[in-house]
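A.B. asks: Pasted the sequence and its predicted model underneath.
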Amino acid sequence: MKKKYSLKKNNQKISVLVKKTKKNTDRSLKVNIKTAKGRKLSSTNWLRRQLNDPYVKLAKEKGYRSRAAFKLLEINEKFNILKFGDSVIDLGCAPGGWLQVAVEKTNANLDQLNKKKGRVIGIDLKPILSVNGAEILVLDFLETNFEEKIGEILNYKVDNVLSDMASNSTGHKKSDHLRIMALCESAAFFAFNILNEGGNFVSKVLAGGAEMELQNILKKKFDKVINFKPKSSRSDSSEKYVVALNFKKD
Ligand SMILES: C[S@@+](CC[C@H](N)C(=O)[O-])C[C@H]1O[C@@H](n2cnc3c(N)ncnc32)[C@H](O)[C@@H]1O
């Protein structure tokens, strides 16, 4: 059976003709791409992965902007970090899956009228469509005066700093690891300055060595520091999340 699919990658619409082959063990049918149309092998692999990924399908069904939303849902389910009335900074928020979850879980859109209202601020290099209940800032987290800018907007401390930031892959594993770890470490130091006592920090890390150094830094500042690989994080990816709970004031 052949079918035409449309997907979005980097805000560009891609149409592909696919052939559904055999029943998969999970919900979906396995899909093979029939048209190459001058695409690079890496793009074809990306398309095949997207079309066969149950979380991509589920994100569409549930109205989430990205499959990444399920990673934060799993993290929250396990560690209960986001509560009604909490304030959250989401670093690297595009296209907005984590923002949607953070808004839901903190009641930032006042969905629950009789419950405390949270505040959610998303930051990314790229502009995104608005998310009801979230404030979105197009900023480079690595800009030298980033903290000053955020300080002026916020005027108070927050309960959760989340970072799913990832720089574009260079294709060189070691360099990618070091670049993400540098982002993650900066996010941790930012969190130390902006978190309320008892606050939490969650950040994407890539396995590859340097993540232990970060864990040791975090252990001095938080009650508990855990590495967590959500089921929705692809098993062939070295990505995992460091979850640091209950920030201690010096
Ligand atoms: C994996 S995506 C985040 C997905 C998001 N959590 C979601 O649920 O939709 C990583 C994001 O980090 C952003 N990013 C990378 N470096 C950044 C920086 N220096 N400042 C701000 N955002 C950055 C990228 O632009 C990208 O949109």
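C.D. replies: Nice, I can see it.

A.B. asks: Pop the domain breakdown of this protein in here.
C.D. replies: 3-62, 72-247 (automatic domain parsing).

A.B. asks: The longest one and the ligand, are they touching?
C.D. replies: Pointing back at domain 72-247 there. Yes. Judged by C-beta under 6 Å from any ligand atom, domain 72-247 and the ligand are in contact via 92-98, 123-126, 140-142, 164-167. Placement of C-beta: from N, CA and C, glycine included.

A.B. asks: and the residue most central in space within the chain, what does it touch?
C.D. replies: Of all residues in the chain, the one closest to the mean position by C-alpha atoms, centre = their mean is residue 164, 3.8 Å from it. Counting by C-beta atoms under 8 Å, 6 or more residues apart in numbering, residue 164 touches 68, 71, 72, 90, 91, 92, 93, 98, 203, 204.

A.B. asks: Run through the residues that contact the closest residue to the first one other than its chain neighbours.
C.D. replies: If the residues on either side of it in the chain are set aside, residue 68 comes closest to residue 97, at 4.5 Å by C-beta to C-beta, 6 or more residues apart in numbering. Contacts of residue 97 were listed using C-beta under 8 Å, 6+ apart, and they are 59, 64, 65, 66, 67, 68, 69, 70, 72.

A.B. asks: Quick check, pLDDT for residue 97.
C.D. replies: Residue 97 is assigned a pLDDT of 98 by the prediction.

A.B. asks: cool, and residue 168?
C.D. replies: pLDDT at residue 168 comes out at 84.

A.B. asks: A helix includes it, no?
C.D. replies: No. Using DSSP: H, G, I helix; E, B strand; the rest coil, the secondary structure at residue 168 is coil, not a helix.

A.B. asks: Helices of this protein, start to end?
C.D. replies: 41-52, 54-62, 69-79, 97-106, 146-154, 173-194, 211-221 (DSSP state H).

A.B. asks: Buried deepest among the ones you listed, which one?
C.D. replies: Highest mean neighbour count of these: helix 97-106, a mean of 26 (counted as mean count of other C-beta atoms under 10 Å).

A.B. asks: could you give the angle of that helix to helix 69-79?
C.D. replies: 40 degrees (axes from the mean of the first three to the mean of the last three C-alpha atoms, to 10 degrees).

A.B. asks: Pull the distance from helix 97-106 to the chain's centre.
C.D. replies: Centre-to-centre, helix 97-106 and its host chain are 11 Å apart (C-alpha atoms, centre = their mean, to the nearest Å).

A.B. asks: Listing request: residues of the protein with sub-threshold pLDDT.
C.D. replies: 1-48, 51 (pLDDT under 70).

A.B. asks: re earlier: please indicate which of the residues of domain 72-247 next to the ligand are buried?
C.D. replies: Buried residues within the residues of domain 72-247 next to the ligand, counting neighbours by 16 or more other C-beta atoms under 10 Å: 92, 93, 94, 95, 96, 97, 98, 123, 124, 141, 164, 165.

A.B. asks: is it true that the last one touches residue 187?
C.D. replies: Translated: residue 165. Yes. Residue 165 lies in contact with residue 187 (C-beta atoms under 8 Å); the separation is 6.7 Å.

A.B. asks: what do those two both touch?
C.D. replies: Residues touching both residue 165 and residue 187 by C-beta under 8 Å, 6+ apart: 91, 141, 203.

A.B. asks: Count the residues that sit near residue 196.
C.D. replies: For residue 196, the neighbour count with other C-beta atoms under 10 Å is 15.

A.B. asks: er, residue 232 actually
C.D. replies: Neighbours around residue 232, by other C-beta under 10 Å: 19.

A.B. asks: Ignoring the adjacent residues along the chain, who's closest to it?
C.D. replies: Counting by C-beta to C-beta, 6+ apart, residue 70 is the residue found nearest to residue 232 once chain neighbours are left out, at 3.8 Å.
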